[in-house]
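> Test case, fold it:
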Amino acid sequence: MERIAGVWRLVIHRDSHGKNDDPDFEAGVRFTFTKVGKLTILDTHENLSGTFEIVDLGKIDLFLTGQKQPAIFRFDDDNRLTMCVSLDKVRPTDFTPEERDPRVLWRLVRAKPGEEKPAQEEVDRLVETYRYTAIYVKASEAELALQNAPGDSAPKIRSDELTNMVVLFERPNLIAQAKSVLKNYDRPIFLGQKPFAINLSTGPVGQRLRSKSNLFHIGVGIHIYHNIYGRYPRHAIYSADGKRPLLSWRVAILPYIGESALYRQFKLDQPWDSEHNKELIAKMPSLYAPPFAITIKPLETYYQVVTGPQTLFDGANKTRMKDILDGTTNTLLAIEAKDSVIWTKPADLALSEIKDQNLAVGGHLPGGFNALFCDGTVRHLSATLPATTLRSLAMPTDGKVVDLNTLANP
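Numbers count the residues shown, from 1 in each chain. Sure thing, here's the model as predicted:
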């Protein structure tokens with residue numbers, strides 16, 4: 001126990017696909033083992049706290065997410081530690097995870113004085129590793145998008161390939177990270193070099209497409225968060241005792257929608273309306289401002305999640321993608337609400353206990369509203385969607401699979 005105690009820097013993280021993470025990701029992570037069995041992993045904006053137990057020579061159990069993760073470890077010398085952690089509750093027998101192997105490998109180096117926390121430049125590099133631009137378009141919209149793409153930045157695809165897609169534009173060295181984050185997307189991914197803006201009209205069609213783009217980018221930010229922390233953000237950043245919601249999930253994902261500088265200005269241990277944090281309300285990212293809201297209250301957003309028992313955002317509970325038993329294509333992630341809220345406030349749509357009471361959604365676009373699903377797609381759903389159907393989409397484990405093809409508007 002005494003030998004492992006201390007602060008360690010992550011130098012290699014090999015994932016369950018047998019591939020090493022970007023070095024910039026590894027540089028910003030610290031592990032702290034104490035002599036009394038406590039474990040903390042320090043990352044960009046969250047401490048993962050838990051415990052550990054050395055159960056035998058070279059064998060250790062980690063308890064970071066409320067579940068036991070059996071692992072093996074070895075000291076390469078007094079200042080170098082290698083650990084292989086299981087993701088399926090079966091203790092590893094060697095230190096060589098391969099592709100599709102449910103294990104991760106950590107190589108740690110004991111932190112020197114002054115290295116106990118990541119330097120700001122390390123944090124900045126980590127956040128930048130997960131930044132990229134993505135636009136989700138449907139077949140009918142892809143033609144418009146490509147018409148407005150400047151020169152060589154557009155993907156070279158034939159008209160018969162204009163199916164549902166994700167178009168990514170980013171630096172070449174981040175393509176691997178982008179593919180990793182979007183590995184659960186069941187559609188083609190086209191890669192280019194530079195982002196382009198879609199030149200849309202200000203009418204209902206343009207407003208709908210702009211709002212779809214906003215929701216999709218929000219979804220990408222949430223999926224990047226999940227890719228890093230192994231779970232979705234909670235509906236709020238909670239107080240240290242886990243009892244009081246302080247700031248919205250919209251603040252929690254700021255580093256992953258290109259707003260890391262704004263994120264660092266928040267005091268995460270204070271509520272949204274504290275003297276310090278309320279000064280930041282005026283800096284709402286344009287991504288949270290829906291294009292259809294002509295009379296919107298200043299600095300408020302309609303993009304909300306559904307909260308309450310049995311939803312994806314159930315209080316302080318933590319939810320992972322694998323907890324979605326009904327399938328990611330059948331579970332809501334975020335939606336256009338009827339009423340707006342201050343973007344930093346932990347306020348969202350609450351699922352009523354009355355089964356036939358509909359959620360207060362939409363009302364801003366002709367015929368329906370946009371909804372972001374857990375598989376990353378954004379669909380325009382009919383305004384006449386039954387209350388019971390919308391309720392099922394908000395509950396990831398109710399066992400009711402909805403045929404969305406019969407519900408979506410063109």
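
> contacts, neighbours, all on C-alpha from now
Noted.

> any idea of the mean pLDDT in the longest helix anywhere in the chain?
Identified as the longest helix of the chain according to DSSP state H is helix 204-229. The predicted model assigns helix 204-229 a mean pLDDT of 79.

> next structured bit after that helix?
Proceeding C-terminally, helix 204-229 gives way to strand 236-238 as the next helix or strand, assigned by DSSP states H and E.

> just the CA coordinates of whichever helix or strand comes after that following strand, formatted as CSV?
The helix or strand immediately downstream of strand 236-238 is strand 245-248, counting by DSSP H and E. Provided in CSV are the C-alpha atoms of strand 245-248 (Å, rounded to 0.1, in the frame of the first residue of the first chain):
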residue,chain,number,x,y,z
PRO,A,245,-27.6,21.1,-8.4
LEU,A,246,-25.4,24.1,-9.0
LEU,A,247,-24.9,24.6,-12.8
SER,A,248,-26.5,23.1,-15.9
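
> and strand 245-248, which strands flank it?
The strands that strand 245-248 pairs with in its sheet are strand 236-238 (antiparallel) (by DSSP bridges).

> Quickly list what residue 31 is bridged to.
Residues found in beta-bridge contact with residue 31 (criterion: DSSP bridges) are residue 8, residue 41.

> From residue 59, how far out is it?
When C-alpha to C-alpha, to the nearest Å is the yardstick, residue 31 and residue 59 sit 17 Å from each other.

> more crowded one of those two?
Of the pair residue 31 and residue 59, residue 31 is the one with more neighbours under other C-alpha atoms under 10 Å, namely 23 against 18.

> What distance do you get for that one to residue 282?
With C-alpha to C-alpha as the criterion, residue 31 and residue 282 are 36 Å apart.

> ditto for residue 352
For residue 352, the distance to residue 282 equals 31 Å [C-alpha to C-alpha].

> buried sites along stretch 85-98?
For stretch 85-98, a neighbour-count test (16 or more other C-alpha atoms under 10 Å) marks 85-87, 91-92, 95, 97 as buried.

> can you list the domains in the protein?
Partitioning the chain according to automatic domain parsing yields domains covering residues 6-124, 130-192, 225-406.

> Considering those, which stretch scores lowest in mean pLDDT?
Lowest mean pLDDT of these: domain 130-192, a mean of 36.

> Out of the domains of the chain, which is closest to residue 212?
domain 225-406 (6.2 Å; C-alpha to C-alpha).

> tell me which element the closest residue to residue 289 other than its chain neighbours falls in.
Across the structure, with C-alpha to C-alpha, 6 or more residues apart in numbering as the measure, the residue nearest residue 289 apart from its sequence neighbours is residue 301 (5.7 Å). Using DSSP H and E, residue 301 falls within strand 300-304.

> ok, so what distance separates residue 311 from residue 274?
The separation that residue 311 has from residue 274, given C-alpha to C-alpha, amounts to 29 Å.

> With only the CA atoms kept, save the strand holding residue 301 in PDB.
Coordinates of each C-alpha in strand 300-304 appear next as PDB, following Å, rounded to 0.1, in the frame of the first residue of the first chain:
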ATOM      1  CA  GLU A 300     -32.100  31.900 -22.400                       C
ATOM      2  CA  THR A 301     -32.200  28.600 -24.400                       C
ATOM      3  CA  TYR A 302     -34.800  26.100 -25.500                       C
ATOM      4  CA  TYR A 303     -32.400  23.200 -25.700                       C
ATOM      5  CA  GLN A 304     -33.100  21.000 -22.700                       C
END
